[in-house]
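A.B. asks: here is the input, now give the coordinates:
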Amino acid sequence: PDVPIVLGGIEASLRRFVHYDYWSDSLKPSILVDSKADILSYGMGEKTLIELAHRFVAGYTIEQMTDVPQTAILRPLSAEPAIRRESDIMLSSYEKCLKDKIAYAIDFKTIEEESNKWHANRILQRMCDKLLIVNPQYEPWSQADVDASFDLPYTRLPHPRYKGKPIPAYDMIRHSVNLHRGCFGGCSFCTISAHQGKFVVSRSEQSIMNEIRKVVQMPDFKGTITDLGGPSANMYNMHGINIDFCQMCKRPSCIFPSICRNLNTNHEQLTELYRRVTDNPSVKHAFVGSGIRYDLLLNYDKPTPDKMTYIRQLIRNHVSGRLKVAPEHTSDMVLNAMRKPSFKLFKQFNQIFLAENDAAGLNQQLIPYFISSHPASTKRDMAQLMLETKKLNFKLEQVQDFTPTPMTLSTTIYYSGVDPYTMKPVYTAKTKNEKLEQRKYFFWYKPEYRRQIEAELRKMGFSDCAASMPYTCKNGRPTPVNRRTTKHKKNR
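C.D. replies: Just a heads-up that it's a prediction; the model follows:
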């Protein structure tokens with residue numbers, strides 16, 4: 001009981017306020033209430049931990065640590081008059097949010113805007129006879145800060161408790177190198193910006209090359225860097241041109257609904273970094289395993305020379321055979337709810353990808369990610385998604401059913417039924433049957449779904465498409481199947 005408990009990690013970050021918990025299908029207070037921890041560290045916690053350690057050494061008690069940036073604490077409601085500041089933002093109480101979903105939605109907008117600010121305000125929220133105090137985050141890190149963290153003497157080994165057991169996640173990342181932190185994409189369903197921040201902080205080339213030298217010296221290294229990436233692989237060294245504008249901004253995304261004019265999206269430094277990595281004689285291949293943002297490369301125009309150079313070098317030298325991208329959907333209405341660009345951009349990038357592969361004599365795959373049952377997505381939208389991707393000869397593999405995650409816009413819409421930025425109602429598939437009805441369109445090529453999908457396409461007015469439904473897939477590409485032959489085999 002006399003040992004202070006500091007709570008951290010991504011789950012603590014996302015559950016620091018009142019939040020919707022999908023697994024219990026209920027609204028929960030801050031995780032500080034249920035966990036009984038003394039203080040919560042949210043976001044990337046290096047600076048917070050160092051500050052807490054210094055204060056403990058200096059003799060501070062946990063009760064005195066009320067102003068550490070990027071922390072949350074609980075105090076008795078009776079202490080509120082002495083704690084309140086004029087600049088504080090007071091959210092609706094947990095008890096009010098339980099009764100009023102709209103109040104919860106309004107609170108989310110406030111939390112997201114403050115989380116995306118350079119200079120945020122302190123946020124308070126009453127819950128369970130306690131007062132939650134969430135101190136603002138540190139200002140965006142400098143390159144020296146992030147280098148200092150990445151340059152520490154890590155072993156690059158799993159925790160000893162695994163005792164030689166296979167760890168698939170470790171196998172995937174053991175020879176990878178992270179180039180930066182943060183993401184300014186602001187996708188509605190994603191928690192990266194809520195945890196790592198909207199402002200991208202990149203490592204220096206020197207720090208990255210030092211890590212490359214450590215990786216190639218690993219006993220099991222065979223010459224392949226599996227990923228030169230980050231939350232979005234091609235955001236390296238991208239930031240505001242005029243930082244003064246960034247300090248006044250509270251946009252959740254720098255690239256939706258359009259790319260901010262103050263954002264530097266030049267890819268030359270990243271292209272040069274790839275070249276430097278592959279110049280190491282011990283590196284045979286340096287792949288990009290993380291997903292890339294094609295909307296940073298195209299933006300409805302032909303790629304600029306720096307971006308075309310990047311695309312060409314990426315496709316010819318840094319794709320392991322499959323390049324990941326995340327269009328997520330084909331419907332503009334759903335994509336708007338996701339804060340994602342139009343599917344037209346994906347089609348444009350797909351054409352460039354195929355053309356570059358042909359020019360280089362390569363047979364690589366573009367692997368698109370898609371989500372079903374996201375807020376605003378209907379069964380008809382999923383049918384159109386199926387038809388669009390089928391025309392492009394994609395047999396979808398990387399798919400998921402939307403799962404609400406705390407502290408995201410999509411989850412707020414799912415729970416409250418409204419978009420907190422417009423206050424307009426948004427349809428969301430919630431029941432198991434509604435979700436299955438949408439998800440099955442990913443798997444149109446499976447016999448168990450074929451007849452059902454055919455019937456539904458006819459009801460929706462897609463009769464011509466329904467007539468061409470019987471397909472099989474060979475090598476990931478769909479090919480028509482003769483109806484009579486298929487029926488005869490079934491009867492036999």
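A.B. asks: use CA for all of it now, contacts and neighbours both
C.D. replies: Fine.
A.B. asks: the closest residue to residue 364 other than its chain neighbours: neighbouring residues, count only.
C.D. replies: With C-alpha to C-alpha, 6 or more residues apart in numbering as the criterion, residue 364 has its nearest non-adjacent residue at 4.7 Å, and that residue is residue 321. The number of residues packed near residue 321 is 13, by other C-alpha atoms under 10 Å.
A.B. asks: what sits against residue 321?
C.D. replies: 363-365 (C-alpha atoms under 8 Å, 6 or more residues apart in numbering).
A.B. asks: make JSON lines from the residues you listed and add distance to residue 139, neighbour count and secondary structure to it.
C.D. replies: Converted to JSON lines, the contacts of residue 321 look like this (distance: C-alpha to C-alpha, whole Å; neighbours: other C-alpha atoms under 10 Å; DSSP: H, G, I helix; E, B strand; the rest coil):
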{"residue": "363", "distance to residue 139": "45", "neighbour count": "10", "secondary structure": "coil"}
{"residue": "364", "distance to residue 139": "41", "neighbour count": "18", "secondary structure": "coil"}
{"residue": "365", "distance to residue 139": "40", "neighbour count": "18", "secondary structure": "strand"}
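A.B. asks: dump those to a markdown table, plus pLDDT.
C.D. replies: Putting those into a markdown table (pLDDT from 0 to 100) gives the following:
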| residue | pLDDT |
| --- | --- |
| 363 | 94 |
| 364 | 96 |
| 365 | 95 |
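A.B. asks: flag the helix or strand of the protein with the lowest per-element mean pLDDT.
C.D. replies: Within the chain, no helix or strand scores below helix 483-491, which has a mean of 36 by mean pLDDT, DSSP states H and E.
A.B. asks: what about the spatially most central residue of the chain, helix or strand, and which?
C.D. replies: Central residue of the chain (C-alpha atoms, centre = their mean): residue 190, 3.9 Å from the mean position. Using DSSP states H and E, residue 190 sits in no helix or strand.
A.B. asks: residue 418 reaches residue 428, doesn't it?
C.D. replies: No - in this structure, residue 418 is not within contact of residue 428 by C-alpha atoms under 8 Å, at 9.8 Å.
A.B. asks: dihedrals phi and psi, residue 26?
C.D. replies: Dihedral angles of residue 26 (phi, psi; degrees, to the nearest 10) stand at phi -150, psi 160.
A.B. asks: report pLDDT for it.
C.D. replies: pLDDT for residue 26: 97.
A.B. asks: can I take it that residue 454 is in a strand?
C.D. replies: No - counting by DSSP: H, G, I helix; E, B strand; the rest coil, residue 454 is not part of a strand but helix.
A.B. asks: can you give me the pLDDT of it?
C.D. replies: 90.
A.B. asks: go on, residue 474?
C.D. replies: On pLDDT, residue 474 comes in at 43.
A.B. asks: count of residues packed around residue 158?
C.D. replies: For residue 158, using other C-alpha under 10 Å, the count is 13.
A.B. asks: I'd say it and residue 170 touch.
C.D. replies: Yes - Residue 158 is within contact range of residue 170, at 7.3 Å (criterion: C-alpha under 8 Å).
A.B. asks: need the contacts of residue 321 in CSV with distance to residue 45, can you?
C.D. replies: Putting the contacts of residue 321 into CSV (distance: C-alpha to C-alpha, whole Å) gives the following:
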residue, distance to residue 45
363, 43
364, 39
365, 37
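A.B. asks: pLDDT weak spots in the stretch 201-350 of the chain?
C.D. replies: 300 (pLDDT under 70).
A.B. asks: show residues contacting stretch 288-305.
C.D. replies: Applying C-alpha under 8 Å, 6+ apart, the contact partners of stretch 288-305 are 226-234, 255, 259, 265, 307-308, 314, 318-320, 323-326, 341, 345-346, 349.
A.B. asks: out of these, list just those in helices.
C.D. replies: 307-308, 314, 345-346, 349 (DSSP state H).
A.B. asks: as TSV, those residues with distance to residue 149 and neighbour count would be great.
C.D. replies: Converted to TSV, those look like this (distance: C-alpha to C-alpha, whole Å; neighbours: other C-alpha atoms under 10 Å):
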residue	distance to residue 149	neighbour count
307	30	19
308	33	16
314	28	17
345	36	18
346	36	20
349	35	20
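A.B. asks: determine which two of these are furthest apart.
C.D. replies: Greatest spatial distance in these: 314 and 345, 17.9 Å, computed using C-alpha to C-alpha.
A.B. asks: what packs against the one helix or strand residue 145 maps to?
C.D. replies: Using DSSP H and E, residue 145 sits within helix 143-150. Other helices and strands packing on helix 143-150, by 3 or more C-alpha pairs under 8 Å, 6 or more residues apart in numbering; DSSP states H and E, are strand 201-202.
A.B. asks: distance from the strand it packs on to the middle of the chain?
C.D. replies: Centroid separation for strand 201-202 versus its chain: 17 Å, with C-alpha atoms, centre = their mean, to the nearest Å.
A.B. asks: that one pairs with which strands, and in what direction?
C.D. replies: Next to strand 201-202 in the sheet, as set by DSSP bridges, lie strand 180-181 (antiparallel).
A.B. asks: all strands of the stretch 101-250 of the chain, in order?
C.D. replies: 123-127, 130-134, 176-178, 180-181, 201-202, 224-225, 227-229 (DSSP state E, counting those that start in this stretch).
A.B. asks: for the first one, which positions count as buried?
C.D. replies: Going back to what we said before, that points to strand 123-127. Using 16 or more other C-alpha atoms under 10 Å as the test for burial, strand 123-127 gives 123-127.
A.B. asks: residue 437 and residue 380 touch, don't they?
C.D. replies: No - look at residue 437 against residue 380 with C-alpha under 8 Å: they stay out of range, at 10.2 Å.
A.B. asks: between those two, point out the one with more neighbours.
C.D. replies: residue 437 (18 against 15).
A.B. asks: without its sequence neighbours, what residue ends up closest to the more buried one?
C.D. replies: residue 379 (6.8 Å).
A.B. asks: wait, isn't that neighbour in contact with residue 438?
C.D. replies: Yes - if you go by C-alpha under 8 Å, residue 379 and residue 438 touch, sitting 5.3 Å apart.
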